[in-house]
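Asker: Mind looking at a prediction? Sequence and model below.
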Amino acid sequence: MDQALVRLLFFRFRGGIRHRLRQLASPRGVVFLLALGGIAWLLLGTASSSPGAGLVGAPLRDPVSLREHVGTFMPLGLLGLTLFTVFVATGRAFHFSPNEINFLFVGPFTRRDLIVYKFCAYLAGAILSATIITPFVSARTSPALATFTGSVLTVLFIQLSSAAIGMFAQAFEGGWITRVRRPAFVLALVMAAAVMFYVRATSDSDILALLSAFRRSWPGTIILAPFIVFAKLFLARNIFPDLIVWTTAAIIINAALLLAIIVLDGRASDRSLSESSRVSNRWNRIRQGGSFWASEKTTGRSLRHSPVAGGVGPIAWRQAINAVRNSGRVILVFLAIAAFTGPIATAAGIQSADSRTIGALYFFVAFIVPRTLVCDFRGDLGRIETYKVLPVAAWRICVGQLVTPVVLGSMIALVMIVSTLFFLDGTGARIAIVLAIFALPFNLLLYGVENLVFLLFPTKLVPVGRVDFEFLGRTMVEFVAKTIIIFAALAMAVGVGVMALDASGSLWILFGLASWLTLAIIGALTVPALGYAFRRFTVGQTID
């Protein structure tokens, strides 16, 4: 790597340490650090020490049993996390900020140097994040050194493996692999769901026992071999030979992935340049020759009256186009997850009324989907000044921003509810139908609160080139605050429904109608609040 880039990395690393020390000196930074540490301790410490927390029903108070479960299911979890990262990623594998594009791309640096530079920036962020997280993680499974080393190398592995898969898709885009990948993905999902449902119907073993058996079989060992290395790294007891051997293997795997990314990037860059040259030559021929398609096609029929709707229509239409173009794959993945929720839950023997199941579904609907499916104010941070000069009322702009995410979120929730409806008994089916009816006002409230928090406390949705405790802590604090608001609104809606039920003499339809209207009104009240936050939003403010 060029010496100038090495020096720039040194300055960035020193500036990052100074920035985080300043964060620790502020009350907000301390609060976010404690919040992140407390959540990590609750998830990784308390959960692992609670009786009956075993993945297959065995108690995990025994450290030996806990280590066995980590070694069995961590490779499967890493595989799932890598695939999920690949399918929901919407940008480039390696993201360069506008300043990096302006100053580094015009410099005397090769593409390989820039990729290695970006990788080193990710490495620095992973080291800082692992340094902060490690003290809060329970040491019942492995020493602190193994936890720190495993955290750093595992984060890099997930980043590099997903980037390598993305680079592979870019390098061979337009070939037969591109044409068959979506049908193959859908076919694999259907086959997996059918196999799990068949095994559940014909045997007494649950899905976790089957996954454990697959992990120990020779095909599972071959498929999960890279992921097993990182699980062994986390479980290393001694520095030599365990930690040294598995750390060396993990470094070799990450280095091979980085080399593959460099090779694939060269192929993707050459293909992109040739495609750009082909398009440029085609347009030059059109301009010079006066092609029929250049003179007639551009003056053909068009939509002469756009759906204005008082200014709401164009904004909602723009966000819908952005959702399809930028997050179309994400939408398809979420719809597939929602469609197979019922069969997979039934095959795994998961009870729909279990509090842990309800909590997992709420986390998916209220945290994962909104944080990944961004087609509202949160994705328009650099364009809010354009909305400020529009001759449209602020509340209309806010309504236009909410239409697309509310519709998409409700559609995903409805598909998930319908997929579980066929596997429920009479009482469960009635509850599912009620949830389907309340999907629209719930999502209106959810995305209204999401955008309100963003406009009041604006920040970049995804950290670029770093994962620091302030971002993670702020994300968790925001999620807890949104959850409190949403549950308070739900409690108020249920309370109004109970009052209507008592006044009507046990007429349940009035209970549902009163609750639905109350929740819808509370969700609608976020629109004027959004208008106020939009008007007070200062475009020129500095956002970290």
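Answerer: Sure thing, it's come through.

Asker: Can you give me the neighbour number for Ala360?
Answerer: Neighbour count of Ala360, defined by other C-beta atoms under 10 Å: 13. (C-beta placed from N, C-alpha, C; glycine too.)

Asker: what do you get for the one 10 residues further on?
Answerer: Neighbours of Pro370 under the rule other C-beta under 10 Å: 22.

Asker: Excluding sequence neighbours, find me the nearest residue to it.
Answerer: Using C-beta to C-beta, 6 or more residues apart in numbering and skipping the chain neighbours, the partner closest in space to Pro370 is Glu450 (5.3 Å).

Asker: Let me know whether that neighbour touches Gly379 as I believe.
Answerer: No. The criterion here is C-beta atoms under 8 Å, and Glu450 misses it with Gly379 at 11.5 Å.

Asker: picking that back up, can you name the residues that contact the residue nearest to Pro370?
Answerer: Residues in contact with Glu450 (C-beta atoms under 8 Å, 6 or more residues apart in numbering) are Pro370, Asp376, Arg378, Pro405, Lys482.

Asker: Which member of the residues you listed is positioned nearest Phe119?
Answerer: Arg378 (27.7 Å; C-beta to C-beta).

Asker: quick one: that closest one and Phe454 touch, right?
Answerer: Yes. If you go by C-beta under 8 Å, Arg378 and Phe454 touch, sitting 5.0 Å apart.

Asker: Report the secondary structure state of the closest residue to Asp380 other than its chain neighbours.
Answerer: In space, and not counting its chain neighbours, Asp380 is closest to Tyr387: 7.3 Å by C-beta to C-beta, 6+ apart. Following DSSP: H, G, I helix; E, B strand; the rest coil, the label given to Tyr387 is helix.

Asker: Near Pro241, how many other residues are there?
Answerer: Pro241: 10 neighbours (other C-beta under 10 Å).

Asker: okay, it: pLDDT?
Answerer: Pro241 carries a pLDDT value of 82.

Asker: So it versus Leu513, what's the distance?
Answerer: 68 Å (C-beta to C-beta, to the nearest Å).

Asker: Check Ile384 too.
Answerer: As judged by C-beta to C-beta, Ile384 and Leu513 stand 38 Å apart.

Asker: Then Ile486?
Answerer: As judged by C-beta to C-beta, Ile486 and Leu513 stand 21 Å apart.

Asker: Compare those two (neighbour count), which wins?
Answerer: In this view Ile486 and Leu513 are compared by other C-beta under 10 Å, and Ile486 has more residues nearby, 19 against 14.

Asker: per the record, what domains does the chain have?
Answerer: 63-276, 309-536 (automatic domain parsing).

Asker: Compute the first-to-last residue distance for the last one.
Answerer: End-to-end distance of domain 309-536 (C-alpha to C-alpha, to the nearest Å): 25 Å.

Asker: Can you show me the strands along the stretch 201-350 of the chain?
Answerer: For the stretch 201-350 of the chain, no strands are identified by DSSP state E, counting those that start in this stretch.

Asker: where are the low-confidence patches of it?
Answerer: For the stretch 201-350 of the chain, residues meeting the criterion pLDDT under 70 lie at 201-208, 268-307, 346-350.

Asker: same thing but 50
Answerer: Where the stretch 201-350 of the chain drops to pLDDT under 50, the residues are 290-304.

Asker: Please enumerate the helices of it.
Answerer: 207-216, 218-223, 225-234, 244-289, 292-295, 312-339, 341-348 (DSSP state H, counting those that start in this stretch).
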